[in-house]
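Visitor: Let me see the structure of the following:
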Amino acid sequence: MQSILQQQCEALAAARYPLHMPGHKRRTAPAPGLGCYAFDLTEIQGADDLHDADGILADAMSRTAALYGSARCWYLVGGSTVGLLAGIRAAAPFGSEVLVARNCHKAVYHALELGRLTAHYLTPPVVPDFGVYGSVPPAAVAAALDAHPAVRCVILTSPTYEGVQSDLKAIADLCHARGVPLLVDEAHGAHYLPLAEPCGWRGGAVAAGADLVVQSAHKTLPSLTQTAWLHLNGTRIDPAAVERQLDVF
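Guide: Numbering: from 1, shown residues only. Next comes the predicted model:
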């Protein structure tokens, strides 16, 4: 069964002969078995523009937001990395302070460098039997926020690459009580969908109330490599600022 977006793209592709990029012209598969080239389109009329979407891509992103229960969803080019870069830049003004879990992805550290942000670190306790970082205690977040009242954003990874989750609902409540947004790298948690709860997959960052959530659909869902999206909740982050930074990155 084809998705709505795939059907729309294939119908659009069938109606035109491409005298534009990409070079395969939708006639020659880049590699055996890679059939998606047939609807690989540039920003021609009807195909929409990812960074100024008002057509079929806007509709698709709205469906994804509805699926997860977020206010907005943006599809990303460049995997979760670009979502982390853009999200942190939108949430934390240049030169400001942020609270960061020490076990974050290197893209978070790149965002700190690019924004010249001052990081106050949360170091999760190590799980002795496995030698990996455990969850971030909500009490540690509360203490760090009290110690650093100028913090403009809290940045966590949940689940971690080892599958460890933090109590995001409690942490989100602590952040919001102080007027601070929470950004969650949920790259390995795209399967935490409301419709998956009967199967035991619970605790997603969107449902927990995180303000920005980055997910990699290619890690735990059947999607092509680098497929990712960024969710927005609440009013603590300006969606125009997010779109501006997605244009940048």
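Visitor: okay, CA-based contacts and neighbour counts for the rest of this
Guide: Fine.
Visitor: how many neighbours does residue 49 have?
Guide: 16 (other CA atoms under 10 Å).
Visitor: got the domain boundaries for the protein?
Guide: 1-47, 53-247 (the TED database).
Visitor: Out of these, which gets the lowest mean score?
Guide: Here the lowest mean pLDDT among these goes to domain 1-47, at a mean of 79.
Visitor: what's the span of that domain from first residue to last?
Guide: 21 Å (CA to CA, to the nearest Å).
Visitor: And residue 35, how far from residue 2?
Guide: With CA to CA as the criterion, residue 35 and residue 2 are 13 Å apart.
Visitor: Compare neighbour counts for these two and give me the winner.
Guide: Taking neighbours as other CA under 10 Å, residue 35 and residue 2 compare with residue 35 leading, 13 against 7.
Visitor: Now do the phi/psi pair for residue 156.
Guide: phi -130, psi 160 (degrees, to the nearest 10).
Visitor: Could you number the chain from 548 rather than 1 from now on?
Guide: Okay, using 548 as the starting number, the last item reads as residue 703.
Visitor: wait, doesn't it sit right on residue 722?
Guide: No - using CA atoms under 8 Å as the test, residue 703 is too far from residue 722 to be in contact (12.0 Å).
Visitor: which residues are in contact with both of these two?
Guide: Common neighbours of residue 703 and residue 722, using CA atoms under 8 Å, 6 or more residues apart in numbering, are residue 729.
Visitor: what about these two, which has more around it?
Guide: Set residue 703 next to residue 722 and count neighbours by other CA under 10 Å: residue 703 wins out with 26 against 21.
Visitor: can you give me the end-to-end distance of stretch 725-744?
Guide: End-to-end for stretch 725-744, by CA to CA: 30 Å.
Visitor: Distance from the chain centre to it, please.
Guide: Here stretch 725-744 is found 9 Å from its chain centre; the criterion is CA atoms, centre = their mean, to the nearest Å.
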